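Novice: only geometry, no sequence info:
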């Protein structure tokens with residue numbers, strides 16, 4: 001029998017779940033935990049409301065000058081460091 005996920009374990013998976021990045025057993029374990037844990041369900045609903053609020057307010061907000069170049073440069077450095 002599989003051990004049930006704790007709230008602490010669920011919180012480590014929380015953002016992956018919100019980003020729809022969980023699959024298979026991790027997704028099943030997280031959703032099973034949500035069925036039994038009102039606190040984590042409340043946190044999930046709150047996070048969804050905050051996410052919707054932020055997305056609604058930032059629809060037309062321009063990115064700060066140079067942000068895209070800095071992000072791409074950082075990603076290249078991480079990628080290149082992984083090759084070394």
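Specialist: Nice, thanks for sending it over. These numbers were taken from a predicted model, which means no experiment stands behind them.
Novice: what residues are up against residue 62?
Specialist: Residues near residue 62 by C-beta atoms under 8 Å, 6 or more residues apart in numbering: none. For every residue, glycine as well, the C-beta is placed using N, CA and C.
Novice: how near is it to residue 4?
Specialist: Residue 62 is 45 Å from residue 4, where distance means C-beta to C-beta, to the nearest Å.
Novice: Same question for residue 30.
Specialist: For residue 30, the distance to residue 4 - C-beta to C-beta - is 11 Å.
Novice: which of these two has more neighbours?
Specialist: residue 30 (20 against 11; other C-beta atoms under 10 Å).
Novice: surely that one meets residue 7?
Specialist: No: if you go by C-beta atoms under 8 Å, residue 30 and residue 7 don't touch, sitting 11.2 Å apart.
Novice: so the residue nearest in space to the middle of the chain, which of the three states?
Specialist: Note on the chain: the residue nearest the mean C-alpha position is residue 15, at 2.0 Å, using C-alpha atoms, centre = their mean. Secondary structure, DSSP: H, G, I helix; E, B strand; the rest coil: residue 15 is helix.
Novice: Quick one: the helices in this protein, in order.
Specialist: 7-18, 24-36, 38-57, 67-83 (DSSP state H).
Novice: I'd like those helices as CSV, with mean pLDDT appended.
Specialist: Formatted as CSV, those follow (pLDDT from 0 to 100):
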stretch, mean pLDDT
helix 7-18, 90
helix 24-36, 94
helix 38-57, 89
helix 67-83, 85
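Novice: Without its sequence neighbours, what residue ends up closest to residue 47?
Specialist: residue 18 (6.2 Å; C-beta to C-beta, 6 or more residues apart in numbering).
Novice: was I right about the one you found contacting residue 46?
Specialist: No: Residue 18 is beyond contact range of residue 46, at 11.3 Å (criterion: C-beta under 8 Å).
Novice: So for the two, which sits in the more crowded spot?
Specialist: residue 18 (13 against 10).
Novice: how long is stretch 29-42 end to end?
Specialist: End-to-end distance for stretch 29-42: 17 Å, by C-alpha to C-alpha, to the nearest Å.
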